[in-house]
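Undergrad: starting from these lines, generate the structure:
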Amino acid sequence: MYLQEGIWKRTGLFCKLIVLATIVISWQTNFGRNAHLADYLYSWNLIKTGELWRLVTPIFLHFRIFGSVWFHIVFNLAIWVMYAGAVEYYEGKKKIFIFTLLAAVISNSAQFYFSGGNFGGLSGVNFALIGYLFVQGRRNLFYAPVMRKESFYFFVIFMIFCWTGIFGAVANWAHLAGLLFGMLFAAIFTIRLL
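TA: Model (predicted):
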């Protein structure tokens, strides 16, 4: 059902809006090189003064990684469309909106707390989706082909390699917190559609 339709066709409105916002904001910040605008979206000092919305906005920022301005954004958006699109398709806009908001706050809070500012990307939320879909896929057959065990293990191995530093500066705490949050969220809010 879900995987048989075209990827963009089956992607819901909320997921498409996140893609559009990510492209526009990343472009406007010149992929992080416009430091004034990028700092405005992820300032740890301003978060401490009560501007908590900044715990979400780093998901829209993408920077040069592996020598390319496009690798970071294309990789994150491809994962987002595949996995967030599945959640929106099966569980609706409200569920993916709440999940994205919580995953962003938790993963970005962990990254801010342990490493400070100067990071961005959807990867914390994407790792939350990976954890969520892995647990749900063990319980609900319709999610099993979306997040295969091999894919989950690939992402976990990728996350471990990121901790070694061979990929440069990566938001490791956001990845770990996102993955754990997604798994916990799935364990608490298991859905039964079949």
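Undergrad: tell me which residues of stretch 31-46 come out buried.
TA: Buried residues in stretch 31-46, counted by 16 or more other CB atoms under 10 Å: 31, 32, 38, 39, 41, 42, 43, 44, 46. (C-beta placed from N, C-alpha, C; glycine too.)
Undergrad: any idea which element the fourth one lies in?
TA: It refers to residue 39. Using DSSP states H and E, the element containing residue 39 is helix 35-42.
Undergrad: burial of the spatially closest residue to residue 131 that is not a sequence neighbour, as a residue count?
TA: For residue 131, ignoring the flanking residues on the chain, the nearest one in space by CB to CB, 6 or more residues apart in numbering is residue 182 at 3.0 Å. For residue 182, the neighbour count with other CB atoms under 10 Å is 29.
Undergrad: helix or strand: which one has residue 182?
TA: Assigned by DSSP H and E, residue 182 falls within helix 172-188.
Undergrad: CA atoms only: put stretch 142-150 into PDB for me.
TA: Coordinates of each C-alpha in stretch 142-150 appear next as PDB, following Å, rounded to 0.1, in the frame of the first residue of the first chain:
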ATOM      1  CA  PHE A 142       2.300  -2.500   7.800                       C
ATOM      2  CA  TYR A 143       5.400  -0.700   9.200                       C
ATOM      3  CA  ALA A 144       7.700  -3.700   8.800                       C
ATOM      4  CA  PRO A 145       8.600  -3.000   5.200                       C
ATOM      5  CA  VAL A 146       9.000   0.700   5.900                       C
ATOM      6  CA  MET A 147      11.700   0.200   8.500                       C
ATOM      7  CA  ARG A 148      13.400  -3.100   7.800                       C
ATOM      8  CA  LYS A 149      15.700  -4.500  10.500                       C
ATOM      9  CA  GLU A 150      18.700  -4.100   8.100                       C
END
